[in-house]
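Student: With the sequence up front, the predicted model follows.
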Amino acid sequence: MQVPLAQAAVYADAASRVRFNVPPGWKVRPSVVDGQRVLRVVPPKADQRERAAIDVQIIARKSGRGDTLARLAQKYRREDGDREAANFVRSNSRNGRLVTEYRDGRLVSNRLWIVRHNLHVFQLGDKKRVAEARCTANASEFKTYRRQMESICLSLEWLKR
């Protein structure tokens, strides 16, 4: 089912200082993972969470040394372990944004190898912060949910102070 992007609501998180679109029916669940605030965006139906294995996470964190657009783009242009080289890498230095799309593999129960499709957006803030939006689903299901996940990940931006 295609959901018009105009119906998406804007979610603003004052603690992380980011905002992004949330498709109708999807819920945002803030949590803390390894001391880091993570905003999980959960689809409305159980089969989307289970069969498609949709996983959408928004993280605002301190910048690391390698968190420049050029270094991040270079990193994703090369394969690394179970991650293939990105099939799409686009950076925009004017607005401090990098958009990548890549696939990676994961071994799950019963020695089953699952290929995951990732849309990963980096949004640089001031020199000390970077926001990441990662939208992931099983590669066989990604196309079905691409539009909703793009509306979330591609809308990521910093809140104005």
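Tutor: Nice, thanks for sending it over.
Student: Going by neighbour count, list what's buried in the helix or strand where Ala12 lies.
Tutor: If you go by DSSP states H and E, Ala12 is part of strand 9-13. For strand 9-13, the neighbour count (16 or more other Cβ atoms under 10 Å) marks Tyr11, Asp13 as buried. Every C-beta, even on glycine, is put in place using the N, C-alpha and C of the backbone.
Student: residue contacts, the residue most central in space within the chain?
Tutor: For the chain, the residue nearest the mean C-alpha position is Arg134 (1.4 Å; Cα atoms, centre = their mean). Counting by Cβ atoms under 8 Å, 6 or more residues apart in numbering, Arg134 makes contact with Asp55, Val56, Gln57, Ile59, Asn118, Leu119, His120, Val121, Cys153.
Student: The third one contacts Arg37, correct?
Tutor: No - in this structure, Gln57 is not within contact of Arg37 by Cβ atoms under 8 Å, at 10.7 Å.
Student: What strands line up against the helix or strand harbouring Ser31, and which way round?
Tutor: Ser31 belongs to strand 27-33 when elements are defined using DSSP H and E. In the sheet, strand 27-33 lines up against strand 36-42 (antiparallel) (DSSP bridges).
Student: For the next helix or strand after the strand it pairs with, name the packing helices and strands.
Tutor: Downstream of strand 36-42, the first helix or strand assigned by DSSP H and E is helix 46-50. For helix 46-50, not one helix or strand is in contact under the criterion 3 or more Cβ pairs under 8 Å, 6 or more residues apart in numbering; DSSP states H and E.
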